[in-house]
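S.K.: give me coordinates for this.
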Amino acid sequence: MDHLKYLSGFIFPGCVAWFLYSGPHDTVDALAWTIPLWTLILMDWLSPKITPNKHKTIVSGWFYDLILYGLSCLQFLIISLLLIYASQLQWGTVFEIMTSLVNLLVLRILVGTTSGSSAIIVAHELIHRPKSYQRLLGQFLLYTVCYEHFIIAHLRGHHSNVATPEDITTARLDESFECYWKRVTIGNFKYAWNSELERLGLIQTQLFHYKMLANSVLQGLIVEVALLLIILMVFGWAAAIIFLYQAFSGVRLLETINYYQHWGLENGRSRNVLAWANQSLVTEYALVGLSNHISHHQNASTFFYQTPYSSEGPKMPYGYFVTNLWVKLNNASYRQVSAERLKQ
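M.R.: The predicted model follows:
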């Protein structure tokens, strides 16, 4: 029955969906709805650790796939409710403006977290799958955060070059998160775009060529711009702004995870150190196996539920939820502690 713990991945996005469905809220109620997130972070901090000899969960493929499909449907529901929620905010008086601004902040915190921790992680799993409809579902999930080019940057770039100086997504030793964030967001798009130009044989082409229509990065941009325009026309400017804001928040959360998963390991492949090991059971189950990241890079074709835990890397002191906060609130402390752990 241990595999039922993966159902915990529905708890936080379920709370977010209920928050959206029951809103808009007044200021105090809206802020109170962030309690599930702080509770999750606290549980991750206090989480028992994985022990390699005991952590062997047998999960059936259909059960795990249903979890992925359920989380995907929940993400689409959350985005729909988000747009309806934002369209109902009032901006007539000073009190209404202040209440609406607090609601937008809470929307950013809650929906941005679900988009980064549930939706993108599920998409990450699905884009590795061999079946085309599963990869397409992963692509649709990435449209909800305007980050569809992640597919190319991740599959062609990150997995080929992880733990080497050539990998954009591997954070350098002592690199701050803000420097990493600026480098990786621009670098991933440029890599994906140039990769498509190379695939289409358009590297040397100066003018627009009809083959450019087959550029999947360009296609993704067109879909994302069209989606934003539809949101603006149907739900209004507030919905369009918060849609972009949650997308920004979700992508920033994704890249925060990428930051500490490989921080300081730009020369790790020569020592067969591909990622940091995480021992939090809360992280393992709430994020549907993402934290088994070392084994994922050793064999990317293995489904997440089949990916074993590996301790063949430096140990993160906390789970992913705590580390996300740590990296952003006190990055100097994170880098100091991580540098010491790399020396051990």
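
S.K.: okay, now the unreliable bits of the stretch 101-250 of the chain?
M.R.: 206-207 (pLDDT under 70).

S.K.: kindly recompute the last result at 80.
M.R.: The model of the stretch 101-250 of the chain has pLDDT under 80 over residues 204-210.

S.K.: measure the most far-flung residue of the chain relative to its centre to residue 99 for me?
M.R.: Distance from the C-alpha centroid of the chain, by Cα atoms, centre = their mean, peaks at residue 93 (36.5 Å). Distance from residue 93 to residue 99, counting by Cβ to Cβ, to the nearest Å: 9 Å. C-beta coordinates here come from the backbone N, C-alpha and C atoms, glycine included.

S.K.: same thing with residue 62?
M.R.: Residue 62 is 45 Å from residue 99, by Cβ to Cβ.

S.K.: between the two, point out the one with more neighbours.
M.R.: Neighbour count, other Cβ atoms under 10 Å: between residue 62 and residue 99, residue 99 has more, with 20 against 8.

S.K.: hmm, residue 28 and the more buried one touching each other?
M.R.: No - look at residue 99 against residue 28 with Cβ atoms under 8 Å: they stay out of range, at 9.9 Å.

S.K.: what's the burial count for residue 133?
M.R.: Neighbours around residue 133, by other Cβ under 10 Å: 9.

S.K.: which residues touch it?
M.R.: Contacts for residue 133 (Cβ atoms under 8 Å, 6 or more residues apart in numbering) come out as none.

S.K.: now residue 83
M.R.: With contacts defined as Cβ under 8 Å, 6+ apart, residue 83 is in contact with 231, 234-235, 239, 243.

S.K.: again, only this time at 7 Å
M.R.: Counting by Cβ atoms under 7 Å, 6 or more residues apart in numbering, residue 83 makes contact with 231, 235, 239, 243.

S.K.: neighbour-wise, which of those leads?
M.R.: residue 243 (24 neighbours).

S.K.: what helix or strand is that one on?
M.R.: Here residue 243, judged by DSSP states H and E, is contained in helix 237-261.

S.K.: right, and the helix or strand after that helix?
M.R.: Defined by DSSP H and E, the subsequent element after helix 237-261 is helix 281-286.

S.K.: packing partners for that following helix?
M.R.: Counting contacts by 3 or more Cβ pairs under 7 Å, 6 or more residues apart in numbering; DSSP states H and E, helix 281-286 packs against helix 35-45.

S.K.: buried residues, the helix it packs on. List them.
M.R.: 36-37, 40-41, 43-44 (16 or more other Cβ atoms under 10 Å).

S.K.: output those residues in a markdown table; the columns should cover pLDDT and distance to residue 198.
M.R.: Converted to a markdown table, these look like this (pLDDT from 0 to 100; distance: Cβ to Cβ, whole Å):
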| residue | pLDDT | distance to residue 198 |
| --- | --- | --- |
| 36 | 95 | 45 |
| 37 | 96 | 41 |
| 40 | 95 | 42 |
| 41 | 96 | 42 |
| 43 | 96 | 45 |
| 44 | 95 | 41 |
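
S.K.: gap between the helix or strand hosting residue 191 and the chain center?
M.R.: Assigned by DSSP H and E, residue 191 belongs to helix 177-199. Here helix 177-199 is found 16 Å from its chain centre; the criterion is Cα atoms, centre = their mean, to the nearest Å.

S.K.: cool, and stretch 304-315?
M.R.: 19 Å.

S.K.: flag every buried residue along it.
M.R.: For stretch 304-315, by 16+ other Cβ under 10 Å, it's 304-307, 309-310, 313-314.

S.K.: name the residues that touch that stretch?
M.R.: 50, 52, 55, 59, 64, 125, 273-277, 279, 288-290, 292, 294-296, 341-342.

S.K.: of the residues you listed, buried ones?
M.R.: Among the contacts of stretch 304-315, those scoring as buried are 50, 59, 64, 125, 273-277, 279, 288-290, 292, 294-296, 342 (criterion: 16+ other Cβ under 10 Å).

S.K.: burial measure for the residue nearest to residue 201 when sequence neighbours are not counted, as a count.
M.R.: Excluding its sequence neighbours, the residue lying closest to residue 201 (Cβ to Cβ, 6 or more residues apart in numbering) is residue 211, at 7.2 Å. Residue 211 has 14 neighbouring residues, counting by other Cβ under 10 Å.

S.K.: looking at it, residue 211 is touching residue 200, isn't it?
M.R.: Yes - between residue 211 and residue 200 there is a contact at 4.8 Å, judged by Cβ atoms under 7 Å.

S.K.: what angle do the longest helix seen in the chain and helix 237-261 make?
M.R.: Using DSSP state H to define each element, the chain has its longest helix at helix 61-87. Interaxial angle of helix 61-87 relative to helix 237-261 (axes from the mean of the first three to the mean of the last three Cα atoms, to 10 degrees): 140 degrees.

S.K.: now helix 61-87: how far from the chain's centre is it?
M.R.: With Cα atoms, centre = their mean as the basis, helix 61-87 stands 14 Å off its chain's centre.
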